[in-house]
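Student: Please work out how this folds:
(2 chains)
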Amino acid sequence: MSAEAVATDHGHDHDDHHHDLPFYKKYIWSTDHKVIGIQYAITALLFLAFGFFLMMVMRWSIAYPEEPLPGYLSWIFSDEWKARWLQDGRVTGETYNMFGAMHGTIMVFLGIVPLGFAAFGNYITPLQIGTIDMAFPKLNMMSYWLYLAGGLTMCASFFMESGAAKSGWTNYAPLANFADGQIVNQFLAGQTQWLLGMVLLITSSLLGAVNFLTTLINLRAKGMTWMRMPFFCWAMLVTGFLLLLAFPPLEVAAIMQLMDRTVGSSFFTPSGLYTSTAGVIEASGGGSPLLYQHLFWFLGHPEVYVLLLPAIACVAEIIPVNTRKPLWGYKPMVWSIVILGFLSFIVWAHHMYLTGMGPVISTWFQTTTVLISVPSVILLTSLIVSLWGGSIRFNMPMLWAAAFLPMFGIGGLTGLPLAFNLVDLHLHDTYYVIGHFHYVVAPGILFGLFAGLYHWFPKVTGRHMNTFLGHLHFWPSLVFMNVLFFPMLIQGMAGFHRRWYNGGDAYLSKAADSENVFGNTVAEWIHLNPVMSFGAFMLAIAQIPFCINFFLSIFAGKKIKNDNPYDATTLEWATPTPPPHGNFTFDVAAYRGPYEYSRDDHEGDFFPQWEEPKRNKPAKEPKTSPVS
Amino acid sequence: MEIPYTVTARKDTGLFNSKVGIWLFLASEVMLFGGLFSGYVFLRIYADYPWPERALPIVPGLINTFVLIGSSVTVVFAWAALKMREWRKFQIYMGITIACAAIFMVLKGIEYKAKLEHQAVRMDDFAIIEGHAHYAVVGDDGKISHADTKTKAKKLSDSGAKPFKANAILFKPQTIDFSVARAHQPWVEAVLEQAAKRKSKLVTAEDLFLYGSIRDYAGTEQEPLSSKGRTNSEAELVAKYANAEEKAGHTFGERSLYIPAGTELSYDLVKQAREVYVSGRSHNAVARTAILKANWKKVKAARPEDKYWEQAPDARIDSATQLDEQFDSEGNCISGSKVVSVVSTLSFQMSPPQPIVIDRGWVKRPVKAQEGKAELRDDTSFNAGSAGDSAPGLLSSPLILAVDAIDFRWMAQKAEEAGKEPLEVIEKSWIFSEENKHAKYYKRIWKNHKARIAELEKELLEGYGRDKEGNAKRVPTETDRYRITWQDLVHYARVDQHEGRPPKPSDKEYADLRPKFWDGFAGPNHKDEEIHELHAFPELEIPHQKVSLQSMFTPKWNTYYAVYFTITGLHGLHVIGGAIVLGYYLFFSKGLYRRNPEWLANRVEVGGLFWHFVDLVWIFLFPILYLM
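Tutor: Below you'll find the predicted structure:
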């Protein structure tokens, strides 16, 4: 950021931005990290809404399998589409599978990762480390457009003859190798489109990860040593490494499955495979379905932390600001997150206890999985202890952040039993797994991201979001998240399978002396289905105030009093609002750690990172060579 | 405003941005190729078939290794030249680098081409036959003839019918049923073209009425959505098809189609039928949904206390049975009905029946003679006629090969698994039996091979002696024993036709007759004159029913070739990508050189790092794919 660097680079054929850029260059083909962040956020929110809609259709089918879809769910489909995919207005198993697979894919790969890592990361990271943009702005733009192309490629398949992918969000072979096999042009089959979309998304993530990491390593402002970096930036660093190293194996799996589907290779097709449509498959065989699972979960598990870390990072920023005290245990948290990142690479096969890979391997992965709970608990505990003794401001971001803690806690603790392979034998593929995972992701991660949205909204727009609408969003969301997900844990322990499209209707038996013993268990707990679906629909209604609030507040929200409305200490609040191109109006430097609140030796309850130390006090000079 | 550290290195990290970026990118590339190599290891360890060892010609791979190593050196020289500001030298060295990339890709292309032209067959007794397939052609009279090249085959047909590789399916249908919804245009047209060539016609056998919707929509309040915006007026249709209406005796809908008996097949007709079909499907879906909703309300109202009312028999009206009551006895919809009868297949008679060539990739499942039909993936069905007919449908079209390798390893493995003597099983197999009219060639080859292996066994015994238990310390490998390579075939042919007395394996000149490892640059050369004169690659006519898998040497053939094509293909893409980037520096960066030569040097350095990585991958690839 030094003046020298600017001078050296002067006159290069660098595609620079000027303030008189035409609209499309400023807001669409933009290379500015903030505009790209906003593009990511809006796109991801739209994908989240779409994924939510798919889930509502599924929840209808589970709760009321015999009834046609109501008008408020079916209006979106054309007559032709309904004729093809609904059986007289009812959701068929095939359609349910399609929606299920796409719900998972959209929520994970198109919704939460882009919102957490790409949107928040893009907007906040360069501001927090005090630089003018990402290291490779054009690459950054390309990441966004590849992401959008990948997402649209996947979603376009809803309108194809085959429909979208139907083999679960994990796309396990050999099922996924042969699904949509009847389609003449395999490149137009939903299952293949999923793979093509995934290759684009992975490429986008890789470029993004390289960009983030380079920015964090090479573009930190003067004095921004590693241990002065806000926790948010550390989380982005670790997330970047996870994406960088975990995604390529999934790319390998996607490429191999693409080969299997389009040119008939047998990477994942075992010898002598028989399917009802094609008989004994005319393929060489000799492949391994287990190989696919290994490659998938080698990504799949780190991916969970890619989802989680940005959310926990938002919460870790919001808590110190609103408790007016430093983050408790900043250093242990940093080390935890680094160790967490490392361990997440060696736990993947705990998703595969039931594949018959052998007890020795299962035991190893059980051990590592239990180990990984240690850094996770350190993170959560530090956040909770950070609240202790603080004078907490319960504004909207803080409410979401506070709700994140117990909700994520439930998600994490319900995961522990699944780590043990004996318990997992019973719980595998039941609603318990769904409940656990959704507790982590929906009331956990999404609450963290909502906290972030409310927290940084003023920096992006210059206006606060409305508090009343905020409460109208928050409280119903909190209640109905639990109405939706807690019964899943109960049903799961009763043995409800995660892929029943009719919610167990087919197993139902109410006769006391029935030989169908399982049917009686189902009869005991099936009434929870409508309860959960009610929760889901109410949850949808609870998001309406948010949508109104979001768009209304951009134009009519309460204006912020100054550029630092929360009296926060990190560098993003040192910029004008909204930050102009180039971000900072002065030569920014970090003079101290990120969470200097309520210091005894400083007047006022916060001491920003950028505030130069007073001359008469012998404070440390910023290091010219910022090595920790 | 410029991004800092694009040209100069940051002091504490010692790196400029793109150098950090490329190292991170290479880390992810390591994971990508690491995933692929792991896949290779996994598939090879768990292979349930004899792995093709040293199956690739070594010379092109070896040359490519040196070419890439050379280019890695020149790219460093190019960078050094830039550092010393010697543009001319840079041009030369970079030029050589890119030329090396081109040579590499050309050699790769030659290798690929040889694989794609090379036929492999797995017979039902697990003998593997490799060779070049002959071409076949169907004459105007329906007779099939063969020739060993495409041009020769073309001359065999008067009207210039397309020659096809002898592995296509020949089917003589009485009728062909096309799926209205799914018939694939190129396939319909291919069938039409072939029928026309052989002076045969495809016509409908009986009158067909297709309905898309009903105008008179009695029973519900509103007209179905599907009939909105349709243009054909009822009056027009009635006028056009006056007779048809009288005959069927019911009201025409807005969208309908009348196909009189004797109409010839055209894709246009299928398309028209498809429009009506889609309209009919959506009409029915709307109507049935309305019926179902009304019924559901009624049942629910009748059972206010019943928790399981959805299980009640009258709640489950199945559209397939109860809703169809509104059809008349012939299956046509009656006037006033809410649903229409949807025609989903169009049946055409072929007169006179003529053979149709069906690509193997088109069929849904392997075609068997006794089934009397062939089903394509677009649900087109070729029917051979009624069971009483003598018409066989599937015509004999044997696979004719010029054989250049025979592999009995799998057969031997299967024999050992079954506790049989491998040699006995091999010698009793089809290829040496009376059924094979070319058996005498193969008996001679086998005799030669056994003699050579016996000599090899003797040599090994003499060379290495026996162990304590009296067994030979070294014996010929399975590959030596059971695989007859093209070099072996040429060798034995030379021995047999040696001037004067054929040398014995123990003779000195016997070994001199063997082709050297540099012969046959990219594999067996079928155009070689000597091989042709010696008749070293004898013909083999394999009946269809003996073939269990046939393929070119493509990813389909086995997982080894799948790995080979996938990894070398991805590596090739990296070579091309790298060459494009380096080419950009060479041809389009003179301007940058003038303005900021250091920046260009940085770029070349980063490009060179990538180039080294590409080279490194090849250095791993060459031994594991070519030598091991």
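
Student: So what's the model's average confidence on stretch B:12-25?
Tutor: For stretch B:12-25, mean pLDDT rounds to 95.

Student: buried residues in that stretch?
Tutor: Neighbour-count burial for stretch B:12-25, with 16 or more other CB atoms under 10 Å in any protein chain shown as criterion, is recorded at B:12-13, B:15-25. (C-beta placed from N, C-alpha, C; glycine too.)

Student: Let me see the contact set for the residue of the stretch 351-500 of chain A found nearest chain B.
Tutor: Chain B sits closest to residue A:357 of the stretch 351-500 of chain A, with a gap of 11.7 Å, by CB to the nearest CB. Shown here is residue A:357, whose contacts under the criterion CB atoms under 8 Å, 6 or more residues apart in numbering or on different chains are A:290, A:349.

Student: one step back: and the buried residues of stretch B:12-25 near chain A, which?
Tutor: When contact is defined as CB under 8 Å from any CB of the partner chain, the buried residues of stretch B:12-25 meet chain A at B:12-13, B:15-18, B:20-21, B:24-25.

Student: Spatially, what comes nearest to residue A:148 if we skip its sequence neighbours?
Tutor: Counting by CB to CB, 6 or more residues apart in numbering or on different chains, the nearest residue to residue A:148 once its immediate chain neighbours are dropped is residue A:43, at 6.2 Å.

Student: The helix or strand hosting the one you found packs against which elements?
Tutor: Using DSSP states H and E, the secondary-structure element containing residue A:43 is helix A:33-63. Counting contacts by 3 or more CB pairs under 8 Å, 6 or more residues apart in numbering or on different chains; DSSP states H and E, helix A:33-63 packs against helix A:71-74, strand A:90-91, helix A:93-105, helix A:121-128, helix A:137-156, helix A:447-461, helix A:528-556.

Student: Quick one: closest of the ones you listed to residue B:437.
Tutor: Closest approach to residue B:437 among the helices and strands packed on helix A:33-63 is made by helix A:93-105 (50.4 Å; CB to CB).

Student: Most proximal residue of the stretch 51-200 of chain A with respect to chain B?
Tutor: Distances between the stretch 51-200 of chain A and chain B by CB to the nearest CB are smallest at residue A:89, namely 3.2 Å.

Student: And the helices in the stretch 351-500 of chain B?
Tutor: B:409-417, B:422-427, B:439-464, B:478-482, B:486-496 (DSSP state H, counting those that start in this stretch).

Student: Comparing these, which comes out most buried?
Tutor: helix B:486-496 (a mean of 21; mean count of other CB atoms under 10 Å in any protein chain shown).

Student: distance between it and the chain's centre?
Tutor: Distance, stretch centre to chain centre, for helix B:486-496: 32 Å (CA atoms, centre = their mean, to the nearest Å).

Student: I figured residue B:67 was touching residue B:100, is that so?
Tutor: Yes - the criterion here is CB atoms under 8 Å, and residue B:67 meets it with residue B:100 at 5.0 Å.

Student: Same drill for those two, tell me which one is more crowded.
Tutor: In this comparison of residue B:67 against residue B:100, neighbours counted by other CB atoms under 10 Å in any protein chain shown, the higher total goes to residue B:100 at 25 against 20.

Student: That one: which element?
Tutor: Going by DSSP H and E, residue B:100 is part of helix B:87-117.

Student: and the helix or strand immediately after that helix in the chain with helix B:409-417, angle?
Tutor: Downstream of helix B:87-117, the next assigned helix or strand under DSSP H and E is strand B:119-123. Here the directions of strand B:119-123 and helix B:409-417 differ by 20 degrees (axes from the mean of the first three to the mean of the last three CA atoms, to 10 degrees).

Student: for strand B:119-123, packing partners?
Tutor: Packed against strand B:119-123, as judged by 3+ CB pairs under 8 Å, 6+ apart, are the following elements: strand B:128-133, strand B:399-407, strand B:547-552.

Student: most centrally placed residue in chain A?
Tutor: Taking CA atoms, centre = their mean, the centroid of chain A lies closest to residue A:112, which sits 2.7 Å from it.

Student: isn't that one right up against residue A:441?
Tutor: Yes - contact between residue A:112 and residue A:441 holds when scored by CB under 8 Å: they sit 6.7 Å apart.

Student: Find the nearest non-adjacent residue to the residue in the stretch 201-350 of chain B that chain A sits nearest to, please.
Tutor: Scanning the stretch 201-350 of chain B for the residue nearest chain A gives residue B:289, at 3.2 Å (criterion: CB to the nearest CB). Among residues not flanking residue B:289 along the chain, residue A:89 sits closest, at 3.2 Å (CB to CB, 6+ apart).

Student: Can you point out the buried residues in the helix holding residue B:100?
Tutor: Going by neighbour count (16+ other CB under 10 Å), the buried part of helix B:87-117 is B:90, B:93-98, B:100-101, B:103-104, B:107-108, B:111-112, B:114-115.
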